[in-house]
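Engineer: Kindly return the folded structure for what I paste below:
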Amino acid sequence: MKIAVLTKQVPDLVEGVEITADGKAVDPDSIRYILSESDDHALEEALLIKERAGGIVEVFSLEAGEAREGLCTALAKGADRVVMVQTGLEGAPDNHTAARVFASILRGVEFDLILTGVRAIDDLDGSVGGLLAGFMNLPYVGLVRKVELADGTGKAVVQKEYPGGFAAELEVKLPAVLGIQAAEQPPRYVPVSRLRQVMKAAKVEESSVEPPPASPLHVERMSKPEEGGGAEMLAGSPEEVARRIVALLSERRLLR
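Structural biologist: Okay, here's the model as predicted:
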């Protein structure tokens, strides 16, 4: 079993985010990058599959943000090989470009599974997995929360989430691309001391690709969310607060 995990770096929203003067991009000097949460779940699911069925896990990341630290963290968690992909692009590419780059790296290499996070905080349409599968002519299932291998059949059974708390079990022929919604357990924790040890001796391979064609997508304008008027705090006894709530609801014609 050979599994590829595709990861990306996203802004840490705990930090303040600033927009560049032209209003078309996030100022890279104002943010700290971290591994996308759903990609962390994809890595965890890959490691769980490896522990159950054996095999190797290879992690790929585009050169952006704190990519090297993210790849070293993957090694510390149990990945067997990590590769940083250099594209020659400035900043993080859009999903179409990222999928084309990953396809050029993975095409011709035999993988049983290719896992990626189903979405990221800076890109909620979750299209990388589906686009990659299309470019590589492979089956794709998104919103996956569990993966089980059907021994000796060349297939996997995956649980796919649907709205309303529903889920379905789907059988998919391997090789396949899966967009992971959540791993079967929370991503494992790596102590800082362990990460520092790995970073000193880690072998992060580098792979270069020809710069992809210019993206047809262009940002016209970005802006920070507008601040609201704030909340009104209701003081007084429970009865007084209850009467005030009823009055407010009546004023807004939410009560008859």
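Engineer: Can you check the pLDDT for residue 124?
Structural biologist: According to the prediction, residue 124 has pLDDT 69.
Engineer: oh, I was asking about residue 97
Structural biologist: 88.
Engineer: ok, it touching residue 90?
Structural biologist: No: in this structure, residue 97 is not within contact of residue 90 by CB atoms under 8 Å, at 11.9 Å. For every residue, glycine as well, the C-beta is placed using N, CA and C.
Engineer: and those two? which has more neighbours close in?
Structural biologist: Using other CB atoms under 10 Å as the criterion, residue 97 and residue 90 rank with residue 97 on top: 21 against 9.
Engineer: The more buried one: helix or strand, and which one exactly?
Structural biologist: helix 95-106 (DSSP states H and E).
Engineer: which strands and helices sit next to that helix?
Structural biologist: In terms of contacts (3 or more CB pairs under 8 Å, 6 or more residues apart in numbering; DSSP states H and E), helix 95-106 is packed against strand 56-62, strand 81-86, helix 128-136.
Engineer: Is it possible to get CSV of those that adds mean pLDDT?
Structural biologist: Listed next are the helices and strands packed on helix 95-106 as CSV, based on pLDDT from 0 to 100:
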stretch, mean pLDDT
strand 56-62, 96
strand 81-86, 94
helix 128-136, 95
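Engineer: what's the most buried one of these?
Structural biologist: Highest mean neighbour count among the helices and strands packed on helix 95-106 (mean count of other CB atoms under 10 Å): strand 56-62, with a mean of 23.
Engineer: which outside residues touch the next helix or strand after it?
Structural biologist: Once strand 56-62 ends, the next helix or strand along the chain (criterion: DSSP H and E) is helix 67-77. Helix 67-77 has contacts (CB atoms under 8 Å, 6 or more residues apart in numbering) with 5, 7, 9, 34-35, 43-44, 47, 59, 61, 82-84, 187-188, 190, 194-195, 198-199, 202, 204.
Engineer: Give me the distance from stretch 99-117 to the chain's centre.
Structural biologist: In terms of CA atoms, centre = their mean, to the nearest Å, the gap separating the centre of stretch 99-117 from the centre of its chain is 15 Å.
Engineer: try stretch 68-88
Structural biologist: Distance, centroid of stretch 68-88 to centroid of chain: 15 Å (CA atoms, centre = their mean).
Engineer: go on, stretch 201-215?
Structural biologist: On the basis of CA atoms, centre = their mean, stretch 201-215 is displaced by 19 Å from the centre of the chain it belongs to.
Engineer: Kindly state the beta-bridge partners for the nearest residue to residue 60 once chain neighbours are set aside.
Structural biologist: The shortest distance from residue 60 to any non-neighbouring residue, by CB to CB, 6 or more residues apart in numbering, is to residue 83 (5.0 Å). For residue 83, the beta-bridge partners are residue 60, residue 205 (DSSP bridges).
Engineer: From here on, call the first residue 872.
Structural biologist: New numbering, starting at 872: the last item is residue 954.
Engineer: Strands along this structure, start to end?
Structural biologist: 873-878, 880-882, 904-906, 927-933, 952-957, 984-988, 1011-1021, 1026-1033, 1037-1044, 1047-1051, 1075-1079 (DSSP state E).
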